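J.: mind looking at a prediction? Sequence and model below.
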Amino acid sequence: MKDGVNGVALGVFVFFFVAVTAMGFLAARWRRAETEHSLDEWGLGGRSFGTWITWFLLGGDLYTAYTFVAVPAAIYAAGAAGFFAVPYTILVYPLIFTFLPRLWSVSHRHGYVTTSDFVRGRFGSKGLSLAVALTGILATMPYIALQLVGIQAVLDVMGVGGGENTNWFVKDLPLLIAFGVLAAYTYSSGLRAPALIAFVKDTLIYIVIAVAIIYIPIKLGGFDDIFAKAGQAFSQTNPVTGKPRGALAPAEATQWTYATLALGSALALFMYPHSITATLSSKNRDVIRRNTTILPLYSLMLGLLALLGFMAIAAGVKVTNGQLAIPQLFEDMFPSWFAGVAFAAIGIGALVPAAIMSIAAANLFTRNIYKDFIKPDATPAQETKVSKLVSLLVKVGALVFVLTMDKTVAINFQLLGGIWILQTFPSLVGGLFTRWFHRWALLAGWAVGMVYGTLAAYGVASPTNPSQKHFGGSNAEIPGIGEMGYIGLTAFVLNVVVTVVLTFALKALKAPDGVDETRPEDYTADAGDAGVQVELPPATAGTSH
């Protein structure tokens, strides 16, 4: 790591940071509505975004600082096992093509802002809705924290804030400033801010990846040399584990782990509140369909990005924290001015999703906790005010997480969030296609999945950090199979089994079902009639389809 502050890189970084900050505040005037005091406007951008805006927004939402820092960092640390993110982003798009248009339609027809709104309306259960909302908020917190870790990683490599022995306030001051700016323009502009900034973020990322995938291999002697050096590095024994550091291809013993992690992550991705928030901001069903066909372009970028982990090894990058590997690679290999562009791409790649995530979590609290349980007669203006304030508190919570926890475990806590959010899949996706599941059974299945997943993850020690006895990973032995697999998928299977068994039992006992406020035609409604809310008479409200 170079000594001192990289002034040129820092100057370029600050330039882009100031530019997107200005865009963030100006976004409040972009597509301004007649009334801004509603969650539809502040939290969903007026539900007015077309194909390209939605594409950039979803891309900025899903491909984050985690993408830039943690995926290649995982490959730098362990080899090809880190590529699990590539197949799961391929698997996810055919999956969401089947249910996102239905969710968009019913949400527009009834004015739903969150997934919990839909669950409450579909199953007539505030308890189940509350469970989904709390899970969404809980899972989002470490995800936001991971974005702040991404910003801190590039600041560390640029030499901003001093070394590890520097006073904590001085060291973390740049991150506090970035946090303050993010909080301010999110509060002011809502979802319009990240939607506008996403254009800059994605453009920078594509430029940096295109240059890196050509320029760095040329400097390192080509991909043959890169893979040869990576293979040699992975064959060396890790003194902590007594095993090889990693592998260029997953070993047979790790194939269950790889496959279950990819599948479970694919199922979980669009359960996250921020994914749904970006989706519901679209203006019609066709926007959703078109985006599921063009979003895989980001997966191509992700595959190229993952190769940076091998390049960091071949370039001789040595860092104690793997999160710093790629920023350090950029500083070592690029001219200072272009390193600044790359750092800006990572930094802005953190600001965009962090803003969307905080908005999504705030909407969940406002609609499904504050309005449902604290102030049922809240006006749209009051909802918007509460959501703005909660979006600030959510970011504060994520900041505390970053400043008090070991940065090297950030990705594991984000993966723990994936375990949690996956347990909402039966209620959300199942509810979009059938009302056969009983609301109490769904709640019980959710509870079993959450408890099992959390306890199983708690029992996992870090394979590389002896001091980390708990939450050291997201894989454990699958009961009854004996293979190592993704805890989230195992918890999900238990969730589904409990839900199905209890549904049969509760229906046999004729347990009271909730009132379904939706109709079959709501799930295929388009923009022309999306504003018409349907009030069903009691005699038909509970019908299923």
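T.: Structure's in. What do you need?
J.: pass me the low-pLDDT residue ranges in the stretch 101-250 of the chain, would you?
T.: Within the stretch 101-250 of the chain, the segments meeting pLDDT under 70 span 161-171, 240-241.
J.: give me the number of residues near L248?
T.: Residues within reach of L248, counting by other Cβ atoms under 10 Å, total 14. To be clear about C-beta, it is placed using only N, CA and C from the backbone, and glycine gets the same treatment.
J.: name the residues of stretch 103-116 that are buried.
T.: Residues of stretch 103-116 classed as buried by neighbour count (16 or more other Cβ atoms under 10 Å): 103-110, 112-116.
J.: and the two most separated of the residues you listed?
T.: Greatest spacing in these, by Cβ to Cβ: S105 and S116 (17.6 Å).
J.: what is the nearest of the buried residues of stretch 103-116 to K385?
T.: Closest to K385, out of all of the buried residues of stretch 103-116 and judged by Cβ to Cβ, is V113, at 15.0 Å.
J.: quick check: buried residues in stretch 48-64?
T.: By 16+ other Cβ under 10 Å, the buried positions in stretch 48-64 come out as 48-49, 51, 53-64.
J.: in JSON lines, list the buried residues of stretch 103-116 along with secondary structure and distance to N6.
T.: Formatted as JSON lines, the buried residues of stretch 103-116 follow (DSSP: H, G, I helix; E, B strand; the rest coil; distance: Cβ to Cβ, whole Å):
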{"residue": "L103", "secondary structure": "helix", "distance to N6": "45"}
{"residue": "W104", "secondary structure": "helix", "distance to N6": "45"}
{"residue": "S105", "secondary structure": "helix", "distance to N6": "50"}
{"residue": "V106", "secondary structure": "helix", "distance to N6": "51"}
{"residue": "S107", "secondary structure": "helix", "distance to N6": "46"}
{"residue": "H108", "secondary structure": "helix", "distance to N6": "48"}
{"residue": "R109", "secondary structure": "helix", "distance to N6": "53"}
{"residue": "H110", "secondary structure": "helix", "distance to N6": "52"}
{"residue": "Y112", "secondary structure": "coil", "distance to N6": "47"}
{"residue": "V113", "secondary structure": "coil", "distance to N6": "43"}
{"residue": "T114", "secondary structure": "coil", "distance to N6": "42"}
{"residue": "T115", "secondary structure": "helix", "distance to N6": "43"}
{"residue": "S116", "secondary structure": "helix", "distance to N6": "45"}
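J.: residues contacting stretch 38-52, please?
T.: Residues from elsewhere that reach stretch 38-52 (Cβ atoms under 8 Å, 6 or more residues apart in numbering): 31, 33, 35-36, 57, 108, 111, 113, 190-192, 195, 277, 280-283, 286-287, 290-291, 359-360, 362-363, 366-367, 380-381, 383-384, 387-388.
J.: how about the helices of the stretch 51-200 of the chain, start to end?
T.: Taking DSSP state H, counting those that start in this stretch to define them, one finds helices in the stretch 51-200 of the chain at 51-62, 65, 71-78, 85-110, 115-123, 126-157, 168-189, 192-220.
J.: just checking, what packs against the helix or strand that comes right after the first one?
T.: Read it as helix 51-62. Using DSSP states H and E, the helix or strand that follows helix 51-62 in sequence is helix 65. Applying 3 or more Cβ pairs under 8 Å, 6 or more residues apart in numbering; DSSP states H and E, one finds that helix 65 contacts helix 126-157, helix 336-365.
J.: same thing but 6 Å
T.: Contacts defined by 3 or more Cβ pairs under 6 Å, 6 or more residues apart in numbering; DSSP states H and E place helix 65 against helix 336-365.
J.: quick check: angle from the helix it packs on to helix 168-189?
T.: Inter-element angle recorded for helix 336-365 and helix 168-189: 60 degrees (by axes from the mean of the first three to the mean of the last three Cα atoms, to 10 degrees).
J.: what's downstream of helix 336-365, the next helix or strand?
T.: Moving toward the C-terminus from helix 336-365, the next helix or strand (DSSP H and E) is helix 380-404.
J.: and that following helix with helix 126-157, angle?
T.: In terms of direction (the same axes, to 10 degrees), helix 380-404 departs from helix 126-157 by 50 degrees.
J.: what average pLDDT does helix 380-404 get?
T.: Averaging pLDDT along helix 380-404 yields 88.
J.: got the contact list for the following helix or strand past that helix?
T.: Counting by DSSP H and E, the next helix or strand C-terminal to helix 380-404 is helix 410-422. The contact list for helix 410-422 (Cβ atoms under 6 Å, 6 or more residues apart in numbering) reads 70, 135, 138-139, 142-143, 146, 149, 267-268, 271-272, 453, 457, 471, 473-474, 487-488, 492.
J.: PyMOL command for the buried members of those?
T.: Paste this into PyMOL to select the buried members of the contacts of helix 410-422, with burial taken from 16+ other Cβ under 10 Å:
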select buried, resi 70+135+139+142+143+146+149+267+268+271+272+453+457+471+473+474+487+488+492
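J.: can you tell me how far the residue nearest to E477 when sequence neighbours are not counted is from A259?
T.: In space, and not counting its chain neighbours, E477 is closest to M484: 5.9 Å by Cβ to Cβ, 6 or more residues apart in numbering. Here M484 is placed at a distance of 11 Å from A259 (Cβ to Cβ, to the nearest Å).
J.: equivalent analysis for F118, please.
T.: For F118 relative to A259 (Cβ to Cβ), the value is 30 Å.
J.: same check, this time on F433
T.: Here the criterion is Cβ to Cβ. By it, F433 lies 25 Å from A259.
J.: looking at these two, which is more packed in?
T.: The neighbour count for F433 versus A259, taken as other Cβ under 10 Å, is higher for A259 (17 against 12).
J.: just read off the phi/psi values of the more buried one.
T.: phi -70, psi -40 (degrees, to the nearest 10).
J.: swap in G222?
T.: Dihedral angles of G222 (phi, psi; degrees, to the nearest 10) stand at phi 100, psi 170.
J.: name the nearest residue to I75, ignoring sequence neighbours.
T.: Take I75 and drop its neighbours on the chain: the residue closest to it by Cβ to Cβ, 6+ apart is G309, 2.9 Å away.
J.: my bad, should have said F83
T.: Leaving aside its sequence neighbours, F83 sits nearest to A306 (Cβ to Cβ, 6+ apart; 5.6 Å).
J.: and for S299?
T.: Excluding its sequence neighbours, the residue lying closest to S299 (Cβ to Cβ, 6+ apart) is T89, at 4.5 Å.
J.: pLDDT wise, what is that neighbour at?
T.: Confidence at T89, expressed as pLDDT, is 86.
J.: count of neighbours near it?
T.: By the measure other Cβ under 10 Å, the count of residues near T89 is 24.
J.: ok, T503 - how many residues close by?
T.: 20.
J.: tell me the contacts of it?
T.: The neighbours of T503, taking Cβ under 6 Å, 6+ apart as the test, are 437-438, 441.
J.: only whichever of those residues are buried, select them in ChimeraX.
T.: Here is the ChimeraX command that selects the buried residues among these (16+ other Cβ under 10 Å):
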select :437,438,441
